[in-house]
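**Q** Need coordinates for the following:
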Amino acid sequence: MPRQLSVRRFYLSGKNKISISNPCHSRTLQCLWRLLLLVLLCYLIVLWQSGQQDGAPALVADVALRQRVQIFCIIVTYGHRHEGVGVHVKRTWTKHCNQYLFVSDDSHEELEPAVFMHRPDKWQRMRAHMEYVYKYHYFDENHWFLYANDDNFVVVENLRFMLQHHNSNEPIYFGCKLRTPQNETYMYGASAMVLSSEALVRFVLQALPNASLCSQEDHGDAADEQFGICMSNVKVLAGDSRDVWSNHTFLPFEAEVHVGSRMNASLEKHKYFLDRSYYEVHNLRLPVSKYSISYHVEYMPDIYDLYYFTHLVNIFGQIQHKDIQNAFGSADVKP
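**A** Modelled structure (predicted):
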């Protein structure tokens with residue numbers, strides 16, 4: 001005798017969706033799902049305990065470190081570079097900052113930069129950027145302030161890793177360290193630099209208003225040098241950003257120059273760096289840290305390659321070296 005009524009029932013679930021319910025199997029399915037979840041939970045616990053016993057740190061970024069070491073990223077760009085350069089920076093590494101701000105000479109719908117018009121001199125722009133960030137952009141919520149260009153690629157997680165060993169109340173800043181022929185220390189602007197909150201306070205409140213401590217004249221391409229002089233005059237230390245093996249983290253040029261090649265002393269920008277590097281350079285090579293922080297990007301599509309290989313690629317079975325926590329020193333100093 002044919003079945004007159006099916007035990008399966010149809011009911012609406014959400015907009016225009018139909019689900020099938022079978023009372024004969026619902027309890028069995030619930031038990032199976034619970035068993036599966038229990039097995040998965042046990043497996044994850046075993047993996048976690050195994051990692052703890054081996055002393056291996058997690059392979060993912062320390063979420064807690066993002067809160068302990070908060071970084072506000074300032075990215076300098078220009079109207080004619082918004083579409084070809086700036087948007088690609090926004091779509092890659094800036095999302096790893098706690099907060100970020102583009103500064104430019106023109107507006108842009110996606111970047112939403114703070115606009116500084118009629119400032120053709122680089123030093124005057126730099127002064128204005130720092131003062132604006134201090135006054136209007138969450139100074140109390142951030143510990144460190146990264147000042148970068150739109151042709152920098154920054155591994156923000158490695159920057160946090162380095163900075164966790166320093167207190168943001170220290171008057172200190174880091175970058176690619178150079179010195180002038182007069183032995184004045186400064187950071188190479190093309191490599192980005194990071195300031196502690198105390199360093200920013202001293203620059204804005206002590207250096208900027210006082211012409212005897214910090215020049216108020218135009219300085220053009222010597223802006224980086226002038227910034228170093230101002231910081232020195234208000235007792236802000238130019239820190240050492242190298243790791244404990246004396247390998248460099250803020251790199252002045254493209255990744256291929258530092259990783260697969262060497263500098264060319266016949267190129268003007270390379271010669272400038274070689275002549276002024278604070279640390280001795282051997283055989284036209286800089287030893288590159290495994291925890292490198294900043295590179296220069298010449299060809300903008302490369303920024304997506306760098307982002308993919310630093311943030312998205314997973315290496316199966318990779319165990320990080322056990323001395324990772326000591327790469328920049330042993331003390332964990334909270335900001």
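
**Q** okay, CA-based contacts and neighbour counts for the rest of this
**A** Fine.

**Q** Can you get me a residue count around residue 295?
**A** Around residue 295 there are 25 other residues, counting by other Cα atoms under 10 Å.

**Q** Assign a three-state SS to it, would you?
**A** Following DSSP: H, G, I helix; E, B strand; the rest coil, residue 295 is assigned to strand.

**Q** for residue 256, same thing?
**A** At residue 256, secondary structure determined by three-state DSSP is helix.

**Q** Run a quick neighbour tally on it.
**A** Applying other Cα under 10 Å, we find 10 other residues in the vicinity of residue 256.

**Q** contact partners of stretch 192-207?
**A** Here stretch 192-207 makes contact (Cα atoms under 8 Å, 6 or more residues apart in numbering) with 130-131, 134, 139, 142-149, 152, 167-176, 187, 213-214, 230-231, 233-234, 236, 250, 294.

**Q** Narrow those residues to those in helices?
**A** Among the contacts of stretch 192-207, the members found in helices (DSSP state H) are 130-131, 134, 230-231, 233.

**Q** Closest one to residue 162 out of these, please.
**A** Of all the ones in helices among the contacts of stretch 192-207, residue 162 sits closest to residue 231, with 20.8 Å by Cα to Cα.

**Q** got the buried residues for stretch 67-79?
**A** 68-79 (16 or more other Cα atoms under 10 Å).

**Q** Output these in JSON lines; the columns should cover pLDDT, secondary structure and distance to residue 107.
**A** Compiled in JSON lines, those are given as follows (pLDDT from 0 to 100; DSSP: H, G, I helix; E, B strand; the rest coil; distance: Cα to Cα, whole Å):
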{"residue": "68", "pLDDT": "93", "secondary structure": "helix", "distance to residue 107": "33"}
{"residue": "69", "pLDDT": "96", "secondary structure": "coil", "distance to residue 107": "30"}
{"residue": "70", "pLDDT": "95", "secondary structure": "coil", "distance to residue 107": "27"}
{"residue": "71", "pLDDT": "97", "secondary structure": "strand", "distance to residue 107": "24"}
{"residue": "72", "pLDDT": "97", "secondary structure": "strand", "distance to residue 107": "20"}
{"residue": "73", "pLDDT": "98", "secondary structure": "strand", "distance to residue 107": "18"}
{"residue": "74", "pLDDT": "98", "secondary structure": "strand", "distance to residue 107": "16"}
{"residue": "75", "pLDDT": "99", "secondary structure": "strand", "distance to residue 107": "14"}
{"residue": "76", "pLDDT": "98", "secondary structure": "strand", "distance to residue 107": "13"}
{"residue": "77", "pLDDT": "98", "secondary structure": "coil", "distance to residue 107": "11"}
{"residue": "78", "pLDDT": "97", "secondary structure": "coil", "distance to residue 107": "9"}
{"residue": "79", "pLDDT": "97", "secondary structure": "helix", "distance to residue 107": "7"}
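
**Q** hmm, back to that, among the contacts of stretch 192-207, which ones are in strands?
**A** Judged by DSSP state E, those include 144-149, 152, 172-175, 187, 294 as members of strands.

**Q** Which residue, neighbours along the chain excluded, lies closest to residue 129?
**A** Excluding its sequence neighbours, the residue lying closest to residue 129 (Cα to Cα, 6 or more residues apart in numbering) is residue 103, at 7.2 Å.

**Q** Fine, thanks again, bye for now.
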